[in-house]
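Visitor: Give me a model of this one.
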Amino acid sequence: MNKKINLIIAAILFLSAHQGFGQEWIVPADKASISNPSEYNLENVKKGKSLYMLNCKSCHGDAGKNNALPLVPIPPDVASEKMHLNTEGQMYYKITTGKGGMPQFESTLSEDDRWRLVNYIMNYKPNGEPVLVEAPPIKAKLMALVNEAERKVEIFAEYDENGTFAKLKDAPVIISTKKYFGDLVIGNVLTDESGKAEFSIPETIIGDEEGYVNIIIALDENYEVDPLILEKAKVGKLKEIPKLIKGGEILWSTNENIQPWLLLSYLGAAGAAWLAIAYVIFLIIRIKRYSKL
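Guide: The predicted structure is shown next:
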């Protein structure tokens, strides 16, 4: 009987793995043959990279480093042969529609931005002509302020252009909140033509007992900049503190104010302590009796 059960489980696991690893993602022929209307140039590839860093890197990893998340199936590296077996139309279709663990971006990214993502991927096409070459991090600086009434963060970014700071456009900004056990990312935005960005703070963010939140503003690894911390912004939900008692603030005034579990715990601990004391007294008395014999 156990052997049959094990065989059934093994068969189910095999079929699941086969579906996850072997299922082909078929793109309709009319979609696969579409050419990219977005010009393949440095500007579009850079914008595509910014979009990739915000939306795709967490699963696909860094280009050429094969450090994708261990999902089933594993997301292909944008510089891999597997990725570039796709036509530009196939890439665009898959980015648009999504499938399984791959989200669809039709509702979150514009058509132009989806084609720019394709441009970024094509930068790593084997035997192609890359227009974006990895360079040292760009020196930058950040400024920001919180509009507590509107629950928004206004961000200003600049970069060092030959000793003079200029407006930093199309830069991915990462917004986090500081927690006891690390920083929690709550959103990402891109700076506009004037180096500005605006982020609406989610209603679900939990602050301290008074609703204060420490907000961290940062850029990605392409920029050399110190993260900016906006301390004690009153934009969070009040942190709930568990109450040990019911009703008022007096713990032992009446039994009605005491939680039942707390009263039982107290009585049990007190009873155990008295039993231990009685047992010790009993042993002392016995020792004295035996010592007189």
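Visitor: now the helices: where do they sit in this protein?
Guide: 2-22, 29-32, 42-55, 57-60, 88-97, 111-122, 260-292 (DSSP state H).
Visitor: of all those, which lies closest to residue 171?
Guide: Closest of the helices of the chain to residue 171 is helix 42-55, at 7.0 Å (criterion: C-beta to C-beta). For every residue, glycine as well, the C-beta is placed using N, CA and C.
Visitor: unless I'm mixing things up, residue 189 is touching residue 196, no?
Guide: No: using C-beta atoms under 8 Å, residue 189 is not in contact with residue 196, being 9.8 Å away.
Visitor: can you list residues touching both of these two?
Guide: Common contact partners of residue 189 and residue 196 (C-beta atoms under 8 Å, 6 or more residues apart in numbering): residue 155.
Visitor: returning to what we had before: least confident of the helices of the chain, on average?
Guide: Mean pLDDT is lowest for helix 2-22 among these, at a mean of 44.
Visitor: want to throw the helices of the chain into a markdown table with mean neighbour count?
Guide: Shown next, in a markdown table, are the helices of the chain (neighbours: other C-beta atoms under 10 Å):
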| stretch | mean neighbour count |
| --- | --- |
| helix 2-22 | 10 |
| helix 29-32 | 12 |
| helix 42-55 | 20 |
| helix 57-60 | 16 |
| helix 88-97 | 20 |
| helix 111-122 | 21 |
| helix 260-292 | 10 |
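Visitor: any chance of those in CSV, plus distance to residue 214?
Guide: Shown next, in CSV, are the helices of the chain (distance: least, C-beta to C-beta, whole Å):
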stretch, distance to residue 214
helix 2-22, 41
helix 29-32, 46
helix 42-55, 23
helix 57-60, 23
helix 88-97, 35
helix 111-122, 31
helix 260-292, 34
